[in-house]
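Chemist: I need the structure of the sequence given here:
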Amino acid sequence: MPALQVYERLLVAGDDLRLTTTLLVLFRLFQSALLIIILYNLYTYDHNPDIFLHAGCVTHIDNYWMWYHSSIAACYSVLAYSIVGAFVEGAIWKISGMGTPTETERRRKLVPLCKCLFAPMFVVRSAGFVFGVYIIGLTRGYCECVKEELMNSLDDMQIARSFCPNYRQWFDLVKILIVTMGVDLICHIIIACYILRKRFRRWYDRKRMPKERSAREKSWESTCRRCCECSSIMTCYIFGGRNLTRGGYVDVAIALTDFLDDGGSLDIVPSDIAAALICLVNIQKQKQIECKNELLKDTSGMFAKDKVFSTRILKLFRETNSRSTHNASINSVRSNSMRGASSLQQLKSISEHSYEYDDIEQGFGGPLEMRTSMDENDLPDTRLADDEIQKLQKFMSLNETLAKISFRLVHHKRGIDFRPQLPKILSPNNEYDRLIIGEGARLCRVALAAYSWMLYVWTNKCTGCCVLTGGTLYNACRCKLRQCSKNENIIGDNWCGWKHSAVMKSLGIDESDVLYANFQNGIGVNPYMVIVDRAWKTVVVAIRGTLSLEDMITDVTLSPQSLEEVGEQCGFDGSGEHCHNGILAGARRIYDDLARNKILDQAISHEFSGFKLRIIGHSLGGGIAAMLGLMLRQKFPTLRCLCFSPPGCVFSERTAQESKNYACTYVLHNDVVPRLSYESMINLRNDIIEMIARIKVPKYKVFNANLMPGSEKEVCDKVGKHLHKEDHIPQSKFWNEFNDYKARQQEHTSSSVSPFKMTLPGRIVQMVRTSEKLSNNPCSCVLSCVKCTACCGMSINTKKYKVKWSDKEDLSEIFISPSMLVDHFPYNIARALECAARSYDIPLNQGRDAIFELSRARKPKH
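Modeler: Numbering: from 1, shown residues only. Presented below is the predicted three-dimensional model:
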């Protein structure tokens with residue numbers, strides 16, 4: 001940047017011409033080589049003009065020699081043009097590599113050089129091409145004339161062939177030369193047409209009023225509508241699309257206008273964005289390498305390692321605990337955030353059987369140990385010293401820190417004590433951590449099955465259609481013989497029953513385990529099912545994620561909707577809180593459907609009394625599950641929500657914080673969807689533009705350095721070599737334009753599609769891939785069909801993950817990587833959780849209590 005101005009603004013900048021000029025120089029050298037060969041053959045050619053004169057093809061012998069000398073002159077002219085063009089393009093190549101994207105002063109000579117190539121050279125190029133075509137036509141005419149006159153005499157015909165250039169091999173090089181000149185001419189004609197179009201468009205726009213922001217939003221809205229309608233037609237409505245006219249595209253139009261429309265204030269070309277993305281990816285890789293190394297080194301998750309700081313926090317805890325306990329009873333700081341032992345005697349009994357116990361969070365049942373959590377409201381009137389506050393602020397605020405500190409029960413010679421810690425990596429010896437992984441791995445397969453027949457066929461490419469078709473025929477024959485009645489609890493299935501059948505075959509369950517299923521789909525209408533897991537004694541509400549075009553419209557209906565009305569209806573405080581509009585609409589529809597059919601009331605209260613309630617979903621379904629759990633929580637206080645890769649804009653901050661009491665979010669590595677929100681998209685745009693200003697080397701060096709993958713050390717070194725530090729960005733015209741642009745964007749924030757900060761629900765479990773080879777791409781469909789194997793995702797043996805607790809701040813940045821989309825696929829999340837469960841020695845096919853029994857067996861005994 002800025003864009004090259006050659007008569008009009010082009011789509012390339014001055015520092016984008018190195019590759020083009022390199023190819024052009026090679027092109028000119030190739031033309032020069034052809035010309036030298038042609039000239040050599042013209043000089044050594046044995047001329048015999050008498051043949052042409054005898055045949056009557058030329059009226060005078062001077063005409064032949066005039067044709068010959070004209071050809072020689074034309075070849076020399078084109079050769080001179082090629083050599084001069086090569087030198088000019090070489091000069092452009094050298095100047096194009098000077099400066100940085102924002103430092104354009106050293107490239108100011110490019111414009112006159114480009115104009116020289118375009119105007120004077122264009123005339124020479126056109127004249128040479130026309131003359132070359134004329135010479136070829138004239139030569140062909142002479143030779144055809146000789147052939148017709150002498151065709152009756154074989155000897156004369158052979159003589160004519162030997163003296164006619166048209167029948168010589170070197171004459172083919174002349175034709176190749178003319179073709180190359182024609183290609184060169186056509187390229188310049190295209191550029192000329194583009195410049196004329198730009199000039200006419202600029203003249204036309206002067207007479208029109210500039211588009212207001214609302215007009216640009218309407219333009220984006222109509223574009224999105226047409227794209228969706230065309231997509232539905234091109235896919236033959238396999239992925240829906242019949243009801244798209246009822247969908248609203250206003251939110252996505254506003255978001256696209258904010259994200260992509262700069263109003264012409266920023267002079268950026270596509271190569272600037274490409275170079276900035278490469279630099280941004282290198283920075284993100286550096287962060288991931290540091291995070292991976294930290295996770296590989298630190299397996300205990302103890303972040304409060306400073307002894308003075310830990311002691312201070314422990315004193316605060318003891319002082320708070322002494323105010324809230326009676327008769328040596330150790331209760332939770334908040335009654336709704338702990339379960340388990342309520343007295344010191346019980347704690348001593350626990351400590352006799354283990355040296356050190358990890359803390360367990362309330363809500364999962366079973367013999368779980370006590371987990372104690374602290375909040376800032378429970379602290380005594382004691383303030384930390386200034387230096388201690390500075391230590392605390394190094395990694396998070398006091399509020400967030402104290403909310404996450406847990407205290408591990410430690411047995412030593414002098415009795416029992418608590419050790420403060422901030423858990424990071426899930427421990428195989430912690431029952432709560434094992435349960436989080438085990439339950440996630442087990443129920444993720446249920447969320448996968450909610451995608452019904454499409455995902456079943458995709459994961460079973462060779463046998464899926466055959467199995468489902470065979471099941472349809474079997475059920476048809478069986479029902480015809482027995483006169484089966486239609487299952488009233490299965491709604492919206494297709495005529496062949498593939499959706500219901502795929503769910504049962506995916507999970508290996510009986511028809512009686514599917515309590516209810518509603519496969520109807522539309523805008524704000526999401527398919528879901530209610531099944532029972534008898535082994536884990538759980539009733540599961542599984543909500544399907546994004547699969548159809550209608551689901552995509554629900555996704556992009558992202559303006560925050562107030563929760564006050566829903567809170568009054570469902571019994572929670574929704575004042576001042578908001579939820580994703582499409583997610584709220586889907587949750588309300590499922591809530592009303594469950595209430596109307598009384599599915600959960602009958603299941604939990606009667607047949608499956610004592611079973612636990614889990615609400616799960618993947619992608620869009622995960623966000624709806626979190627909202628539905630909030631709506632049902634007053635009626636079913638022990639329910640839990642498992643959200644697999646939900647969108648990053650589900651709840652406003654207070655509701656998201658409160659949802660940690662009942663919801664858990666699972667994120668796989670670089671999955672883009674949990675990081676996706678209006679704020680993260682705006683930040684990504686600003687980061688890319690800022691990266692352009694930070695580049696301190698020519699763009700070609702950025703591209704060349706990233707042609708081949710490098711080691712981790714090389715990736716980290718690239719950042720320092722190619723970029724200025726954030727606080728040392730040099731002032732430039734572009735940097736000032738960017739700051740003005742950001743200031744204008746701030747004015748639209750209050751009226752934007754998302755004026756509130758939206759984030760993920762629940763506690764966040766992230767599976768970080770630590771293996772060296774991160775090829776988690778699905779296998780080729782053709783390859784899997786040839787092998788007759790369901791081959792999607794990388795081999796289990798190559799997967800290595802660290803499962804850790806994450807904060808919403810950890811997922812506030814969109815990571816650009818090859819796996820950012822693949823990591824969102826539901827079967828990859830399921831495989832990652834199953835891999836983690838195997839590494840933690842968690843049995844998925846047994847009951848819930850087996851996890852706790854194995855966990856106790858792993859603990860050391862005295």
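
Chemist: Please identify the helix or strand for Ala517.
Modeler: Counting by DSSP states H and E, the element that carries Ala517 is strand 514-518.

Chemist: what sits up against that strand?
Modeler: Contact with strand 514-518 is made by 489-493, 499-500, 503-504, 527-532, 539, 593, 597, 599, 603, as judged by Cβ atoms under 8 Å, 6 or more residues apart in numbering. (Each C-beta comes from the backbone N, C-alpha and C, glycine too.)

Chemist: let's see it at 7 Å
Modeler: Here strand 514-518 makes contact (Cβ atoms under 7 Å, 6 or more residues apart in numbering) with 489-492, 500, 503-504, 527-532, 593, 597, 599, 603.

Chemist: Just checking, which helix or strand of the protein averages the lowest pLDDT?
Modeler: Lowest by mean pLDDT, DSSP states H and E among the helices and strands of the chain is strand 356-357, with a mean of 34.

Chemist: residues in contact with Leu448?
Modeler: Leu455, Ser506, Pro826, Tyr827, Ala830.

Chemist: for these, which one is nearest Ile543?
Modeler: Pro826 (12.3 Å; Cβ to Cβ).

Chemist: and the closest one, how many neighbours does it have?
Modeler: Applying other Cβ atoms under 10 Å, we find 24 other residues in the vicinity of Pro826.

Chemist: For Pro646, give me its contacts.
Modeler: Applying Cβ under 7 Å, 6+ apart, the residues near Pro646 are Ser619, Gly622, Gly623, Ala626, Thr665, Pro674, Leu760, Pro761.

Chemist: Next step: the residues you listed restricted to strands.
Modeler: When DSSP state E is applied, those are split such that Thr665 fall in strands.

Chemist: Of the contacts of Pro646, which is the most crowded?
Modeler: Gly623 (35 neighbours).

Chemist: I'd like the distance between that residue and Asn475.
Modeler: Relative to Asn475, Gly623 is positioned 34 Å away (Cβ to Cβ, to the nearest Å).

Chemist: domain parsing for this protein?
Modeler: Following automatic domain parsing, one gets these domains for the chain: 3-205, 219-243, 270-297+680-749, 307-423, 432-677+757-858.

Chemist: Please identify the most buried of these.
Modeler: Ranked by mean neighbour count, these are led by domain 432-677+757-858 with a mean of 20 (mean count of other Cβ atoms under 10 Å).

Chemist: average pLDDT across that domain?
Modeler: Mean pLDDT, domain 432-677+757-858: 84.

Chemist: One more: stretch 716-731?
Modeler: Summarised as a single mean, pLDDT over stretch 716-731 is 89.

Chemist: Over to stretch 213-226?
Modeler: 80.

Chemist: Doesn't Leu4 lie inside a strand?
Modeler: Yes. Judged by DSSP: H, G, I helix; E, B strand; the rest coil, Leu4 forms part of a strand.

Chemist: Find the residue closest to it in space, skipping its chain neighbours.
Modeler: Nearest residue to Leu4 in three dimensions, chain neighbours excluded: Leu10, at 4.7 Å (Cβ to Cβ, 6 or more residues apart in numbering).

Chemist: ok, the one you found touching Leu17?
Modeler: No. The criterion here is Cβ atoms under 7 Å, and Leu10 misses it with Leu17 at 10.2 Å.

Chemist: one step back: now the domains of the chain as CSV including distance to Leu260?
Modeler: Output for the domains of the chain, formatted as CSV (distance: least, Cβ to Cβ, whole Å):
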stretch, distance to Leu260
domain 3-205, 16
domain 219-243, 8
domain 270-297+680-749, 8
domain 307-423, 34
domain 432-677+757-858, 15
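
Chemist: So which of those is nearest Leu256?
Modeler: Leu256 lies closest to domain 219-243 among the domains of the chain, at 4.7 Å (Cβ to Cβ).

Chemist: Provide the contact partners of the closest one at residue level.
Modeler: Applying Cβ under 7 Å, 6+ apart, the external contacts of domain 219-243 come out as 244, 249-250, 252-253, 256-257, 521-523, 547-550.

Chemist: From Glu148, how far off is the spatially closest residue to Trp536 that is not a sequence neighbour?
Modeler: Closest residue to Trp536 apart from its sequence neighbours, by Cβ to Cβ, 6+ apart: Arg848 at 5.1 Å. Per Cβ to Cβ, Arg848 is found 97 Å from Glu148.

Chemist: Can you name the element that comes right after the strand holding Ala517?
Modeler: Next along the chain from strand 514-518, counting by DSSP H and E, comes strand 528-533.

Chemist: Now do the following helix or strand past that next one against strand 528-533, angle only.
Modeler: Sequence-wise, the next helix or strand downstream of strand 528-533 (DSSP H and E) is strand 538-543. Relative orientation of strand 538-543 and strand 528-533, computed by axes from the mean of the first three to the mean of the last three Cα atoms, to 10 degrees: 160 degrees.
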